[in-house]
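# Dropping the sequence and predicted coords here.
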Amino acid sequence: MIGRASRAIPLELSGWRMKLRTLTEDDYDDWLEVRVRCREWLVPWEPRPAGAPPTPEDRASFGVRCAARERERQMGTGYGFGIFVEGRLSGEITLSSIQRGPFQNAFVGYWVDRSVAGNGLAPEATVAVLRFAFEELGLHRVEIAIVPRNTPSRRVVEKLDLREEGVARRYLEIDGAWEDHVRYAITAEEWEERGRALSQTWLKRATRTGGRDGAAR
């Protein structure tokens, strides 16, 4: 049994300009600094029932969150990574709600520091996680669901040319309101066709692109 997330060996994925690494309690100060500075940028897109308080930001709650992520990792039901650029925590990305059996499906969510948004970090991190999902975990399908008016986040999937599947009405409660979500997806068959090109573009010789990348919710 894992007592503290900081005792676990971190899992790392590599991008072109970044490392994705599972967070530990040692990352709290850096996480809090980004969280406080970008609170207005992040809170409007966070899943939360009406009347519920914002995400706790104290050290103890962060430790519990890291431990929960580590349990998910050990069970194979989810993976959470910090996005690190030149050693600086610049966002997070998750591969969550992994289901096996005949479904073999998961969901990707992400956010980046507002100060570095627009530099292609979210697409790069997403491709790294997709490669992990299909080539390491053997999943068949990965989805990303985004509130329609969340233009920065939708630019991420548009840059990757992920397939749009339509709008799910009142799909998830975001900041206290049931919000529609545009659903995007990619399957293992599509990754087989496009994965090498996506990896070459975003993980090996990515170029900076315009537009602001935001949080996918």
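Happy to help now that I have it.
# For the residue sitting nearest the centre point of the chain, grab phi and psi.
With distances taken as C-alpha atoms, centre = their mean, the residue of the chain nearest its centroid is residue 93 (2.3 Å). As for residue 93, its main-chain torsions (degrees, to the nearest 10) stand at phi -140, psi 140.
# my guess is it meets residue 124, correct?
No. If you go by C-beta atoms under 8 Å, residue 93 and residue 124 don't touch, sitting 9.9 Å apart. All C-beta spots, glycine's among them, are computed from the backbone N, C-alpha and C.
# about what we covered before: which ones are touching the residue nearest to the centre of the chain?
Residue 93 makes contact with 20, 80, 81, 83, 108, 109, 110, 122, 125, 126, 129 under the criterion C-beta atoms under 8 Å, 6 or more residues apart in numbering.
# Next one: residue 128 relative to residue 63, how far apart?
26 Å (C-beta to C-beta, to the nearest Å).
# Looking at those two, which has the bigger crowd around it?
More crowded of residue 128 and residue 63, by other C-beta atoms under 10 Å: residue 128, with 23 against 16.
# Who are the packing partners of the host helix or strand of residue 71?
Secondary structure assignment for residue 71, by DSSP states H and E: helix 59-75. Secondary structure elements in contact with helix 59-75, counted by 3 or more C-beta pairs under 8 Å, 6 or more residues apart in numbering; DSSP states H and E, are helix 28-37, strand 79-85.
# Number of residues surrounding the residue lying closest to residue 100 once chain neighbours are set aside?
In space, and not counting its chain neighbours, residue 100 is closest to residue 76: 7.8 Å by C-beta to C-beta, 6 or more residues apart in numbering. Using other C-beta under 10 Å, residue 76 has 10 neighbouring residues.
# returning to what we had before: ok, what's across the strand from the residue nearest to the centre of the chain?
Residue 93 forms beta bridges with residue 81, residue 110, as assigned by DSSP bridges.
# Tell me how far it lies from residue 101.
With C-beta to C-beta as the criterion, residue 93 and residue 101 are 25 Å apart.
# Now for the chain, the helix or strand with the poorest mean pLDDT.
helix 39-42 (a mean of 92; mean pLDDT, DSSP states H and E).
# Which elements pack onto the helix or strand hosting residue 106?
When elements are assigned from DSSP H and E, residue 106 belongs to strand 105-112. Applying 3+ C-beta pairs under 8 Å, 6+ apart, one finds that strand 105-112 contacts strand 88-99, helix 121-131, strand 141-146.
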